[in-house]
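any chance you can model this:
(4 chains)
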4 protein chains.
Amino acid sequence: MTKLKWGMIGGGEGSQIGPAHRLGAGLDGEFEFAAGALDHRPEAGRDYGQRLGLDAARAYGDWREMLDGEKNRADRVDLVTVATPNATHYEITKAYLEAGFHVLCEKPMTMTIEQGEDIVRTAEATGRICAVNYGYSGYSLVRHMKAMVARGDLGKIRLVKAEFAHGHHADAADADNPRVRWRYDPAQAGVSAQFADCGIHALHMASFVTGQEVTKLSADTVSCIQSRELEDDAMVNFRMDGGAVGRLWTSSIAIGRQHGLTLQVFGEKGGLRWAQEQPNQLYWMPLGERLQTIERGEAGLSPEADRTSRVTIGHAEGMPLAFANIYKDLAEAIRAEKQGREMDPAANLYPRAEDGLRSMAAVFAVAQSGKADGEWVDARPPMYR
Amino acid sequence: MTKLKWGMIGGGEGSQIGPAHRLGAGLDGEFEFAAGALDHRPEAGRDYGQRLGLDAARAYGDWREMLDGEKNRADRVDLVTVATPNATHYEITKAYLEAGFHVLCEKPMTMTIEQGEDIVRTAEATGRICAVNYGYSGYSLVRHMKAMVARGDLGKIRLVKAEFAHGHHADAADADNPRVRWRYDPAQAGVSAQFADCGIHALHMASFVTGQEVTKLSADTVSCIQSRELEDDAMVNFRMDGGAVGRLWTSSIAIGRQHGLTLQVFGEKGGLRWAQEQPNQLYWMPLGERLQTIERGEAGLSPEADRTSRVTIGHAEGMPLAFANIYKDLAEAIRAEKQGREMDPAANLYPRAEDGLRSMAAVFAVAQSGKADGEWVDARPPMYR
Amino acid sequence: MTKLKWGMIGGGEGSQIGPAHRLGAGLDGEFEFAAGALDHRPEAGRDYGQRLGLDAARAYGDWREMLDGEKNRADRVDLVTVATPNATHYEITKAYLEAGFHVLCEKPMTMTIEQGEDIVRTAEATGRICAVNYGYSGYSLVRHMKAMVARGDLGKIRLVKAEFAHGHHADAADADNPRVRWRYDPAQAGVSAQFADCGIHALHMASFVTGQEVTKLSADTVSCIQSRELEDDAMVNFRMDGGAVGRLWTSSIAIGRQHGLTLQVFGEKGGLRWAQEQPNQLYWMPLGERLQTIERGEAGLSPEADRTSRVTIGHAEGMPLAFANIYKDLAEAIRAEKQGREMDPAANLYPRAEDGLRSMAAVFAVAQSGKADGEWVDARPPMYR
Amino acid sequence: MTKLKWGMIGGGEGSQIGPAHRLGAGLDGEFEFAAGALDHRPEAGRDYGQRLGLDAARAYGDWREMLDGEKNRADRVDLVTVATPNATHYEITKAYLEAGFHVLCEKPMTMTIEQGEDIVRTAEATGRICAVNYGYSGYSLVRHMKAMVARGDLGKIRLVKAEFAHGHHADAADADNPRVRWRYDPAQAGVSAQFADCGIHALHMASFVTGQEVTKLSADTVSCIQSRELEDDAMVNFRMDGGAVGRLWTSSIAIGRQHGLTLQVFGEKGGLRWAQEQPNQLYWMPLGERLQTIERGEAGLSPEADRTSRVTIGHAEGMPLAFANIYKDLAEAIRAEKQGREMDPAANLYPRAEDGLRSMAAVFAVAQSGKADGEWVDARPPMYR
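Model prediction:
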């Protein structure tokens, strides 16, 4: 089977995100790293790309050069990953979609709701895939949670409880640490800090697993370290379009929590609990029965779980493989298109532009509600109201 | 050392609360069960009391008869426990305080804020102890959390996160189960169901451990089982008088959670986490260090923890011993008074009328805010504003 | 219901074991503390007894005085607890059994196998109860494990794995600490240290839960701290009379383990796992299904579990209540005898002289095998061969 | 940086081990898959290799053809992985070493001790790397355990306790299942089943982490399912050349355990505990202090841990990345040789022929001791006695 060709923008030498994407894209042997514009300094990018094995002709100096170079090649890249600074995602993603490329964009997809709507419309108009990297949704047991909800194991969903709480910004001395400070500065980070950075992962998970979208929300945002203008802790109550009630806590001052991405879903017929830090176990209690431990890799899980599980039961899988599952979905989507067939529905789960847009709308809604003493605000993008 | 004399009102044959109090009061050999009015049916109460070993003369038919009988005895009871139906707590507690008895009242102490203020004033005026049974505060490691906060180990407290979430009322069929239904019926339960039943334990814990009182709150209350008029799930954000932010979740539809009383406290210098279901371990992370497991019974804990710990490290202690610690506190308080000395400050931690009053104010505030879309409301009793 | 009368020998002021027994005996209100010879110093014992509320006439100076005093009383004690130094257990227990008293003896019941056999024969001859305090067998979920095995939930038992490993004697400096040193000195401790002190609890649990007795064993005993003559770590492989294979590890140098009493039982049809440090959960996997969490207090457990469970599901119970369950069993046994009826079979689970004897035989077998490079030796008392 | 060239023998279509090796070798972009003889059916192997992207010229029909084809190429493969049926490992590995290739051989490296010694001597004589795939030793926190022991954090090691216990062969009906049955048949599996399959991983871990080698051992081997000729459960006591005592339990009938690879190490100054099923946390108690949780990815870990950790703290890593770390070590070893420099000592941790040989000697020793009622036998290969 011929490998698909993959290109990357951003993720230069020394970045964390670059190796993570190359690992994820390469893991299953579906994608070949074929082109890149890896650095905002053209020469550094060209040099690093070649050291990573790119042909000199496809180790580009910037994203425009790469767009020009690739769009006319017969063997042009099948997928472009955009992992540049946040403020540039919109422009680059839009340009590549319009040139007919499939795109996987890092979060946040855009800086404004209007841009987000534009990307959604562009993706629709061009028929190109615009995926957004909510990588935690790639975990095998998260996929299984979604499948269980979808097939009705929990009955109607009553409540979803999500958390993403860590303590890595709890040191008041970090108020002066440039690597932390910018995150809480509206001039650099926008309208939200901790919710925009971490909370939206948890919110995406809540939507992903329940299959419901957020309609309105009420937020209590606080800066526990008072010199911060943006929030380092937020509690968000929300409502979903299928009737579920939502509760989401996110924090960066929760000393003792390392990451703290957890999801609990309660329905009429049972409850589920999962935590990212020990992602190979899922706790499930059917109404009136006992708590059961579902193990990743056990026999009889859903097709959605099976295809995203790689090692046998009892062995751990972690975040890099979850992330790789997003690429695995995309490989299937792209191959299905090339082959003119329907894609495997169990793979059709990658997060997409709509999710990126909804996240952006939620970020603005949280900021607005937080400033208004928790007033309930519409969390839907205008185009979905 | 002569035993103190103890009397009980309510807790008749077949009740759960009766044996729990007798166990708690008797555990350390401090109290002798000397008088009782155990049943609303006078003959049943007299008979049951005698079967439990009371003298016939002190196995009373009702609380008024007991009050008359005891108040003039030289060997009158030193402490009266009130474990009758909720609506009667106020009247009985007040009468005994005014007659000069120390009282331990089951929660809720009263049905209204006004009654609560009256009890607080009565206790002050009479100089009698009016304790309220928030028994979870008796756990040795909960006492240690309070001591750690008080001595500054965490620095200034930024955030407290409390939960009390179970799934025991998650079955929609229970809407017709009389043992469950009344709890969600305002005519029988008052203005709140799950928050008043469980949430206030978690809220009391938050105050107990931080040493701060709730000033205002915003609540999102929902009835996940729609036939219920009162809430079966609530999220409460609050602020405390020492500057801490609070977040409290309580639920009775969280299938998979058995009890779910947990407390996390985050300060400038460290974070703590404790869960009632495994109460012999406390997780503590000092800022910039590793998570540590504090074991109940380990050497070098605070005096508050040491005096409430009864078996050696590595052995489990549970709820009945926590509950007994409230009685242990009260025994020390009563003996100190009799002996005209200061009581051991490490024992001066039993919940008291002020706590019962504040809980009642919080219940009404949650109900009011819940009806007003989460509007922030003053959660202080009028007499403390 | 009249209380039973209870007496205690040993457990003087400042001891740990005295309060534990008084708590256990008193917890359910079944026993009244009526007589005692609490200290090897007669005056101290009489004084302490009276301060604990004994009549002066029944606060005795030594165990012989108490035997003389009690045996002719109409209201003589129904049960005597022997909690004196180990070397005196045999003589005292035998004397009280012969005088017609029921006895609960602390472990070890005797210092030799011959003495153990003598006690078993004496108990048989007199028809008196001779219980031995293996208190961990009183935990509600341990009782449930036994019931599950007995009713066949696990099928034939293949393997039992027991551990009792702590690190409280891991400091080499303790070689000179008199509170630790004597335990490893054969002149004071006999033929075994860690196995005799802790291992036999785990071994008793293995027999208690499986309903099988040890027939032979092979031991690897080591002194990790080399100045110790007796073992501080032992691995014991054994075989049981119902065909089960056994494996038991005990250690006092396992830094990081606080207590470490755990039991795993594997049968043809399922596996069980329980740990004393979190005793309110039991993990059960039926063959081919998922791991389930059994909660103490859940509906539908065995009668053996139900009668030894005191608080509702989700609340913790600990060691003091487990210990009290031994007294609860004994109260039922004694009352049944007084009333001339069969006792409740679910209460007929207290450890008895036969268990004390078998433990002693196991201790000697471990010591013998340990010295002989793990040679397999008969672990049965001669009278059961 | 030019990629190294990698070839694979075995791991044909549908195997589990093939994708695992390709993932591991490819993960860091160090190796390019350049040659293969993937199937014992030549045409199938050639076809599959080409579908995986190999040049037709390097998609070989069998290992001899590949040896002939590669040995004279200027761009011959730098490393060959041998993942064929066990009985062929010796012959293939030896042939490639002698032709000057570096080899990574699947376990078991050989079928006899003599073969093992031959491989060790061949590797020495040729100066080629012969690595053996004990992949669990690649986990970042296992590397950290080794580093902590090596730098003296635990002081002298007293005891190591290892387990590898699962329940996947607990169904007696599997006695007739061909996929299980062969493992317990000496004609197909050799002298040992469960110990040879799983136990030696745990034993390798014990040696890897302590830096000590097994000298002698005593084994209790049993077939809980009686129709099995080889053991399905074994307890092995051992001694190590640095003075440590060892205890190892392995089982395939432990229903409720999924995988159960755990390691506990106890020294004079502290104790460590790690479990493969939740591999991102390591529990460490320094003598006299509290249990601490060491998190993979935390700041300040050893160089050995840092270089084998790929995602940030709080995110999970799993087995595939541990496995990839073996390839990462090998890449560094091969590059260092090519560049004529010393390799990074923190990478010089891959398991090697000596480990494969020692494992084989341990397997035979366990079988011998098991048949001789646990007699202590020398577990060292003759060449190391």
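
ok, for the residue lying farthest from the centre of chain A, nearest residue in space, not its chain neighbours?
Most distant from the centre of chain A: residue A:288, at 34.8 Å, with distances by C-alpha atoms, centre = their mean. Closest residue to residue A:288 apart from its sequence neighbours, by C-beta to C-beta, 6 or more residues apart in numbering or on different chains: residue B:171 at 6.8 Å. Just so you know, the C-beta spots here come from the backbone N, C-alpha and C atoms, and that holds for glycine as well.

list the contacts for residue A:98?
Contact analysis of residue A:98 by C-beta atoms under 8 Å, 6 or more residues apart in numbering or on different chains lists A:122, A:126.

and the residue nearest to the spatial centre of chain A, what does it touch?
Central residue of chain A (C-alpha atoms, centre = their mean): residue A:134, 1.1 Å from the mean position. Residues counted as contacts of residue A:134 (C-beta under 8 Å, 6+ apart) are A:107, A:201, A:204-205, A:208, A:351, A:355.

against chain C, how distant is residue A:373?
35 Å (C-beta to the nearest C-beta, to the nearest Å).

was I right about that residue contacting residue B:376?
Yes. Contact criterion C-beta atoms under 8 Å: residue A:373 and residue B:376 qualify, at 5.9 Å.

higher neighbour count, the two?
Using other C-beta atoms under 10 Å in any protein chain shown as the criterion, residue A:373 and residue B:376 rank with residue B:376 on top: 19 against 13.

any idea of the pLDDT on the more buried one?
At residue B:376, the model reports a pLDDT of 98.

any idea how far it is from residue A:25?
Distance from residue B:376 to residue A:25, counting by C-beta to C-beta, to the nearest Å: 48 Å.

repeat that for residue A:153.
In terms of C-beta to C-beta, residue A:153 sits 33 Å off from residue A:25.

one more: residue A:73?
Distance, residue A:73 to residue A:25, by C-beta to C-beta: 19 Å.

and if you look at residue A:167?
From residue A:167 to residue A:25 the distance is 32 Å (C-beta to C-beta).

and the helix ranked longest in chain A, anywhere near chain D?
Secondary structure of chain A per DSSP state H: the longest helix is helix A:319-339. Yes. Contact of helix A:319-339 with chain D (C-beta under 8 Å from any C-beta of the partner chain) involves A:319-321.

what backbone torsions are found at residue A:236?
Geometry field for residue A:236 lists phi and psi as phi -120, psi 120, criterion degrees, to the nearest 10.

note down every partner strand of the helix or strand hosting residue A:160 and its orientation.
Applying DSSP states H and E as the criterion places residue A:160 in strand A:157-165. Partners of strand A:157-165 in the sheet, by DSSP bridges, are strand A:245-251 (parallel), strand A:261-267 (antiparallel).

turn those into a markdown table, columns for mean pLDDT, distance to residue C:122 and mean neighbour count.
As requested, those are exported to a markdown table (pLDDT from 0 to 100; distance: least, C-beta to C-beta, whole Å; neighbours: other C-beta atoms under 10 Å in any protein chain shown):
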| stretch | mean pLDDT | distance to residue C:122 | mean neighbour count |
| --- | --- | --- | --- |
| strand A:245-251 | 98 | 65 | 26 |
| strand A:261-267 | 97 | 59 | 25 |
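
quick one, grab the pLDDT at residue A:175.
The confidence metric pLDDT takes the value 77 at residue A:175.

distance of it from chain B?
12 Å.

my read: that residue touches residue A:224, true?
No. Judged on C-beta under 8 Å, residue A:175 makes no contact with residue A:224 at a distance of 11.4 Å.

picking up where we left off before, and for the residue nearest to residue A:288, the neighbour number?
Residue B:171, neighbours per other C-beta under 10 Å, totals 17.

for the stretch 51-200 of chain A, what lies in contact range of chain D?
Contacts of the stretch 51-200 of chain A with chain D, taken as C-beta under 8 Å from any C-beta, map to A:51-53, A:166, A:168.

most neighbours among these, which one?
Within these, neighbour counts (other C-beta under 10 Å) peak at residue A:166, which reaches 22 neighbours.

dihedrals phi and psi, residue A:307?
The phi/psi pair for residue A:307 (degrees, to the nearest 10) reads phi -70, psi -10.

tell me who's in contact with it.
By C-beta under 8 Å, 6+ apart, the contact set of residue A:307 is A:328, A:344, A:346-347.

helices - which of these land there?
Counting by DSSP H, the part of these found in helices is residue A:328.

hmm, back to that, farthest pair within the residues of the stretch 51-200 of chain A next to chain D?
A:53 and A:166 (35.2 Å; C-beta to C-beta).

so where's chain A uncertain?
Counting by pLDDT under 70, chain A has low-confidence residues at A:1.

where do the helices sit along it?
Under DSSP H, chain A gives helices at A:17-26, A:42-51, A:63-71, A:89-98, A:113-126, A:140-150, A:178-181, A:186-189, A:194, A:200-210, A:303-306, A:319-339, A:353-371.

and those, which is most packed in?
Among these, ranked by average contacts under mean count of other C-beta atoms under 10 Å in any protein chain shown, first place goes to helix A:194 (a mean of 29).

now check that one, is it near chain B?
No. Applying C-beta under 8 Å from any C-beta, one finds helix A:194 separated from chain B by no less than 12.2 Å.

overlap in contacts, residue A:373 and residue B:376.
Here residue A:373 and residue B:376 share the contacting residues residue B:218, scored by C-beta under 8 Å, 6+ apart.

need the residues of the stretch 251-385 of chain A near chain B, please.
Within the stretch 251-385 of chain A, the residues that sit near chain B (C-beta under 8 Å from any C-beta) are A:251, A:253-257, A:264, A:266-268, A:270-273, A:283-288, A:291, A:373-376.

show me chain A divided up by domain.
A:4-132, A:138-313+A:353-378 (automatic domain parsing).
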